[in-house]
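Chemist: Got a predicted structure here, sequence first:
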Amino acid sequence: MIEKILIIKSSGVLCYSKSFINDENIDEDFISGFLTAINNVAKEIGGGEIRSIHFRNFNIVYTFDYEKNWIFIIVADIDDPEEDVRHKLEFLKMEFFKRYRDDLKNWDYDTAKFESFNEFVEKSIFIPPKILLVGQAGVGKSTIMDLFPGETILKLDEDMNDIVQKSIPLPDFKDIHEIIVREFDLEDLVDNINNYKHILDSVDIICFVTNSGGMNLRKTHRLFSLIEPKIKKADFYVIANFQDFNTSHVPEKVEEFFRVKTYGISAIAKKAEKKIYEIIKEIVSKSILKKQNVSNKVLDDSKREKDDDIIIIVD
């Protein structure tokens, strides 16, 4: 997931910034000066320009325009492929110069001129967080998907796998305006895990849906134990459906069994739509916003902990 975008004059002056996380306490002018200074030091000692800086929790990817003396930077999740981030970054640079060519010729340091760039960034650069909704047949995955407004889309990924997904608006969040929810059959996912590697490597959250009955809980737990060691970065949650059944185990018992945060729901109940939105917003807050605030803290700290891993790659 892309966390932050910075466009900087090579002198260190911040021209444009966009965050997709809550970063009200971050001094972006300090950050832009810091990132510019690192690049200048690399050039002074003969290392060439910086291509990327790899922190433990995130990557900072650079690209440059030498003729106009601008630096373009994206801060992205550590597991986002750098090649994909760089492709977005080059697209961003091209569009920025296309839109503001005349303004940049005699720029008077008025950053308000570039506020209109937000619309392009939000639509074309930002990659919404992805949630997988997985479970066996009959546990209510499709019923839960239908609780969300909008059209369910069937598409093919780059490996020609069928993907059932919806774009879900999140109006209550400041910078994350939407998420992508994808529905998968759990057994198919486990049996063909190599075919779904790209999807599993890029997903942020996996929700395991169960029908809350003992037999399904055991089957789901077995499949969960097979897939869990092979996931790179996603956080896990359990949605215990069919809570209106007398034979259903309560969420606390399911959570104890899986050792994973569990939410109870009855997807056919009158207030199910409100309930699933509450669940989704809570897990996004726990797994997306909280993690990104950690990245912000690292960026804003001038004093690093001894065990903070930083790798600078120059060209």
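Modeler: Done, it's in.

Chemist: tell me the strands in the stretch 201-315 of the chain, going along the chain?
Modeler: With DSSP state E, counting those that start in this stretch as the criterion, the stretch 201-315 of the chain has strands at 205-210, 235-240, 262-264, 310-314.

Chemist: Listing partners with orientation, what would you give for the shortest one?
Modeler: Right, the one you point to is strand 262-264. strand 235-240 (parallel) (DSSP bridges).

Chemist: Only alpha carbons, please: show the strand it pairs with as PDB.
Modeler: C-alpha atoms of strand 235-240 as PDB (Å, rounded to 0.1, in the frame of the first residue of the first chain):
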ATOM      1  CA  ASP A 235      -3.100  -9.800   9.400                       C
ATOM      2  CA  PHE A 236      -5.700 -12.500  10.200                       C
ATOM      3  CA  TYR A 237      -9.200 -12.200  11.600                       C
ATOM      4  CA  VAL A 238     -12.100 -14.600  12.000                       C
ATOM      5  CA  ILE A 239     -15.700 -13.700  11.200                       C
ATOM      6  CA  ALA A 240     -18.000 -16.100  13.100                       C
END
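
Chemist: centre of the chain versus that strand, how much separation?
Modeler: The chain centre lies 17 Å from the centre of strand 235-240; the measure is C-alpha atoms, centre = their mean, to the nearest Å.

Chemist: And for that strand, what's in contact with it?
Modeler: 133, 144, 204-210, 212, 224, 228, 248-251, 254-255, 258, 260-265, 279, 283, 286-287 (C-beta atoms under 8 Å, 6 or more residues apart in numbering). For the C-beta atoms, the positions are set from N, CA and C on the backbone; glycine is no exception.

Chemist: looking at it, Lys166 is touching Thr152, isn't it?
Modeler: Yes - counting by C-beta atoms under 8 Å, Lys166 does reach Thr152; the two are 5.4 Å apart.

Chemist: that older thread, list buried residues within the contacts of strand 235-240.
Modeler: By the neighbour-count criterion of 16 or more other C-beta atoms under 10 Å, the contacts of strand 235-240 include these buried positions: 133, 144, 204-210, 212, 224, 248-249, 251, 254-255, 258, 260, 262-265, 279, 283, 287.

Chemist: if we can go back for a sec, of the strands of the stretch 201-315 of the chain, which shows the lowest average pLDDT?
Modeler: In terms of average pLDDT, strand 310-314 trails the rest of those, at a mean of 58.

Chemist: Can you flag the residue of the protein lying furthest from its geometric centre?
Modeler: Farthest-out residue of the chain from its mean C-alpha position, per C-alpha atoms, centre = their mean: Asn246, at 37.7 Å.

Chemist: Roughly how far does that residue sit from Ile5?
Modeler: 52 Å (C-beta to C-beta, to the nearest Å).

Chemist: before we move on, what about Glu82?
Modeler: As judged by C-beta to C-beta, Glu82 and Ile5 stand 16 Å apart.

Chemist: In terms of neighbours, single out the busier of these two.
Modeler: Ile5 (23 against 16; other C-beta atoms under 10 Å).

Chemist: partners of the host helix or strand of that one in the sheet?
Modeler: Per DSSP states H and E: Ile5 is located in strand 2-9. Next to strand 2-9 in the sheet, as set by DSSP bridges, lie strand 14-19 (antiparallel), strand 70-77 (antiparallel).

Chemist: so who does Phe231 touch?
Modeler: Quick fix: residue 231 is Ile, not Phe. Contacts of Ile231 by C-beta under 8 Å, 6+ apart are Leu200, Ile206.

Chemist: If you count surrounding residues, which of Lys166 and Thr152 has more?
Modeler: Neighbour count, other C-beta under 10 Å: between Lys166 and Thr152, Lys166 has more, with 19 against 13.

Chemist: Across the sheet, point out what pairs with that one.
Modeler: Bridge pairing for Lys166 (DSSP bridges) gives the partners Val181.

Chemist: Of the strands paired with strand 2-9, which is nearest Ala112?
Modeler: With C-beta to C-beta, the closest approach to Ala112 among the strands paired with strand 2-9 belongs to strand 14-19: 10.4 Å.

Chemist: Check which element follows the closest one along the chain.
Modeler: Sequence-wise, the next helix or strand downstream of strand 14-19 (DSSP H and E) is helix 28-44.

Chemist: quick one, that following helix and strand 14-19 angle?
Modeler: Note on geometry: by axes from the mean of the first three to the mean of the last three C-alpha atoms, to 10 degrees, helix 28-44 and strand 14-19 are set 120 degrees apart in direction.

Chemist: Report all helices and strands that helix 28-44 contacts.
Modeler: strand 2-9, strand 14-19, strand 50-55, strand 58-65, strand 70-77, helix 290-300, strand 310-314 (3 or more C-beta pairs under 8 Å, 6 or more residues apart in numbering; DSSP states H and E).
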